[in-house]
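Undergrad: Fold the stuff below for me.
(chains A and B)
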Amino acid sequence: MSRISRYRVAFTTIVVREILRFSRIWVQTILPPAITTALYFIIFGTLIGDRIGEMDGYRYKDFIVPGLILMAVITHSYANVVSSFYHSKYQHHVEELLVSPVPNWIILLGYVTGGVARGLVVGVVVTLVSFFFTDLHIVNYPLTLLVVVLTSILFATGGFINAIFANSFDDISVIPVFVLTPLTYLGGVFYSIDMLPQFWQDVSLANPVLYMINAFRYAMLGVSDIQPGVALALIAGFVLLLGAVALWLLKIGVGIKS
Amino acid sequence: MVTNPNMSKAVKLRQLKKTYANGTQALKGIDLDVKKGDFFALLGPNGAGKSTAIGILSSLVRKTSGRVEVFGADLDTDPESVKSQIGLVPQEFNFNQFEPVEEIVINQAGFYGIPRKQAVVRARSVLKTLDLWDRRRAQARSLSGGMKRRLMIARALVHEPNLMILDEPTAGVDIEIRRSMWRFMQEINRAGTTIILTTHYLEEAENLCRNIAIIDCGHIVENSSMKDLLHRLHRQVFILSLRNPVHVLPENAPFGLKVVDEYSLEAVLEQEQNLNQLFGWLNSHGIEALSMRNKQNRLEQFFMDRVQQRQCGADS
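TA: Predicted coordinates:
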C-alpha cells in the first residue's frame, strides 16, 4: 500500500472518529447554539432591535446575523478540538496515534478537520434558525464559504495548541472564557465600529476577530468596517502561523511526550 | 547474496540514554539486542528504566542520545517503518473509555493505514481470538479489568506487528486469565512474532522467555539466555512438608536445614548438592517428606541479588 493511501486512511479515521464523537453527544454540541441563537434573535433582534433601527442600511436583526453565525462557528471549532485532544491526553489514548505511523501533520489535519466539521454543522444550524427571524440574502456565496472555513480552521488550530499546553480541565476553559468570548463580543458582532469614539475604533482594530466578522458580514451582506482583502490576508496569515506553531509543538512533543 | 546482519535482530539498542527534564537519568547508555522470533524478558525493579526503554522503542518517550533499530530500520531516519512493525500493550489502560470495543480496534487499524473493510475483518478475528466478540458493542469502560487487558492486546495485534511489546500485561488479572494470556502469547510467538515482555511475575518470565535482560538504575546488569542464567543459580531453597512432626534437628544438620514449624523444614541446596543427598540424609534420620516446593521462584533470588548489588547514583 502506498504511503499516500496509508495517510488517507489514517486521516479519514481521525476525522470520522471526531465527527462520531461530537455527533454522539449532539445535545451538548449541536443543540445549544440553536437555542442561544434563537434567544439572541428574540431579545436583540425582535424586542430591542426594532428600537435600534437600521445599521449600515440593514435592519438590526439582519445586521447581526453574520456575527452570530461566525461567533458560533468560532466557539464550536475551538471547543471541539481543545476538548477532544485534551481528553485524549487525559485518558492517554493520544498514545494510540503516537505509537502508530501517522505523521504529525496528519494528526493536526485530522483534528482540525474534525473541528471544522463541527463548526460548519453548528454554522448551518444557526443559519437555519436565522431563517425563522430574518430575510437572509447572501451576497457572495463563495466568499462566505471561504471566510467561514478559514476562520474555522484558524480557531480549530488554536484549540489544538491550547490542548497541547493544557494540564487540567481549567486550562481548556480559561482561553475560551477569558480571551475568546470578550474578543468575539467586542469584535463587532452586535455593532459597527463606526458607532464607537475614534479611540475605541483604533483599539478595536487590534482585535483579530473584528476582521473575521467583518469579512463574513461583507460576504453575506456586502457591508464591512474593514477592507475584505486585508481581513482575508490576516486570517490566512494567522492560519499559517498557528499551523506552524502546532506542528512544531507536536514535533518536540510538548505536553504529549516525555 | 549479501544480507543485512541487522535483519536477524528484531531490536538493536546502542548507547541509549535518557535524561528527563527534572534531571533524572533513566537510561545511562544501554546496549541491547533482541533476536528475531525471540521471547525476551526485560526485568527490573520499579524505576529501573525498563518502561523508559520501552517508551523510547515505541516512540512515546524521546531519547536523549543513542541509536534504536527495529528490524534494521532506524528510529531517527525511518520512524514510520519502526512504528509500523511494533504492537504495544502498555501498563496503563490507554483507550477511550467511552468508545465501543470494536471501534477502538478498527480505528487503531486505520491509524496504521489499513482500509476500513479490511480493518473490520481483522478486528473480528482478534476480538474472537481474545474472547471479546460478544462485548464488541459495549463501551470500553464497562469491561472488567481482564477484558480491558485483552482489548489492549487485540488493539496491538490488529495491524499484525512483527514485534509485540507487552509491558506487564498480566498485572492485576486473575490466575485463570493470566494462564490463558500466557498460552496466547506463546501462540503468537510460535507464529513468528518477536515478543518483549516486562513483568514483575518472575515465574512468568521463567516459563515464557528464552532470553532475559535485567535493567537496574539505567544499566543492563544481566543479559543472557534463561537457560544459562538458571544454570548459574548458586542455590535453591526448598520447603519440605513432613509426615510426622519434627521439633529439633540434630546439631550441625547439613543443607542449612531448619525447622519452619513442626510439620515443615527449610532446606538450602548449593549448586554442587543434589536432592538425592538431601533425601538420603532425611531417610537416615527417620524423617519422611511428603512433598516439597521452592520457597521462592528460583529467578527471584537471582533477581534480588543482582538488583541489590548497586545503589543508584547519578552516574553509577
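Undergrad: Flag every residue of chain B that's near chain A.
TA: B:20-21, B:55, B:58-62, B:79-81, B:83-84, B:86, B:88, B:90, B:92-97, B:103, B:107-108, B:110-116, B:155, B:159 (C-beta under 8 Å from any C-beta of the partner chain). C-beta: built from backbone N, CA, C; applies to glycine.
Undergrad: Contacts only, for the closest residue to residue A:48 other than its chain neighbours.
TA: With C-beta to C-beta, 6 or more residues apart in numbering or on different chains as the criterion, residue A:48 has its nearest non-adjacent residue at 7.9 Å, and that residue is residue A:60. Counting by C-beta atoms under 8 Å, 6 or more residues apart in numbering or on different chains, residue A:60 makes contact with A:44, A:45, A:48, A:49, A:50, A:52, A:53, A:54.
Undergrad: I figured the second one was touching residue A:58, is that so?
TA: This points to residue A:45. No: Residue A:45 lies out of contact with residue A:58 (C-beta atoms under 8 Å); the separation is 11.6 Å.
Undergrad: more neighbours, these two?
TA: Taking neighbours as other C-beta atoms under 10 Å in any protein chain shown, residue A:45 and residue A:58 compare with residue A:45 leading, 25 against 17.
Undergrad: ok, now how distant is the residue nearest to residue A:48 from chain B?
TA: Applying C-beta to the nearest C-beta, to the nearest Å, the value for residue A:60 to chain B is 43 Å.
Undergrad: pLDDT score assigned to that residue?
TA: We note a pLDDT of 81 for residue A:60 in this prediction.
Undergrad: ok, now residue B:307?
TA: Looking at residue B:307, the pLDDT reads 69.
Undergrad: try residue B:2
TA: Among the per-residue scores, residue B:2 holds a pLDDT of 46.
Undergrad: Likewise for residue B:6?
TA: Looking at residue B:6, its pLDDT reads 51.
Undergrad: try residue B:249
TA: 82.
Undergrad: Could I get the contacting residues of it?
TA: By C-beta under 8 Å, 6+ apart, the contact list for residue B:249 reads B:257, B:258, B:259, B:265.
Undergrad: give me the number of residues near the second one?
TA: Residues near residue B:258, counting by other C-beta under 10 Å, number 11.
Undergrad: how near is the residue lying closest to it once chain neighbours are set aside to residue B:139?
TA: For residue B:258, ignoring the flanking residues on the chain, the nearest one in space by C-beta to C-beta, 6+ apart is residue B:266 at 5.2 Å. Applying C-beta to C-beta, to the nearest Å, the value for residue B:266 to residue B:139 is 51 Å.
Undergrad: quick one: residue B:137 and residue B:245, what's the gap?
TA: 60 Å.
Undergrad: Counting neighbours, which of the residues of chain B next to chain A end up buried?
TA: Buried by 16 or more other C-beta atoms under 10 Å in any protein chain shown: B:55, B:58-61, B:79-80, B:83-84, B:86, B:88, B:90, B:93-96, B:103, B:107-108, B:110-116, B:155, B:159, out of those.
Undergrad: Contacts only, for residue A:205.
TA: residue A:193 are the contacts of residue A:205 under C-beta under 8 Å, 6+ apart.
Undergrad: From residue A:219, how far off is it?
TA: Look at residue A:205 and residue A:219: by C-beta to C-beta, they are 20 Å apart.
Undergrad: swap in residue B:108?
TA: Distance, residue B:108 to residue A:219, using C-beta to C-beta: 41 Å.
Undergrad: contacting residues around residue A:172?
TA: A:82, A:83, A:86, A:162, A:163, A:166.
Undergrad: wait, I meant residue A:245
TA: By C-beta under 8 Å, 6+ apart, the contact list for residue A:245 reads residue A:161.
Undergrad: what about it, which SS state?
TA: Following DSSP: H, G, I helix; E, B strand; the rest coil, the label given to residue A:245 is helix.
Undergrad: and what of residue B:273?
TA: coil.
Undergrad: my guess is it contacts residue B:255, does it?
TA: Yes: using C-beta under 8 Å, residue B:273 is in contact with residue B:255, at 6.9 Å.
Undergrad: tell me, what residue is most central in chain A?
TA: By C-alpha atoms, centre = their mean, chain A has its centre lying nearest to residue A:74, at 2.1 Å.
Undergrad: What residues does residue A:23 make contact with?
TA: Contacts of residue A:23 (C-beta under 8 Å, 6+ apart): residue A:29.
Undergrad: what helix or strand does it sit in?
TA: helix A:3-24 (DSSP states H and E).
Undergrad: Report whether the helix or strand following that helix contacts chain B.
TA: Downstream of helix A:3-24, the first helix or strand assigned by DSSP H and E is helix A:26-29. No: against chain B, helix A:26-29 shows no contacts by C-beta under 8 Å from any C-beta, the least distance being 12.8 Å.
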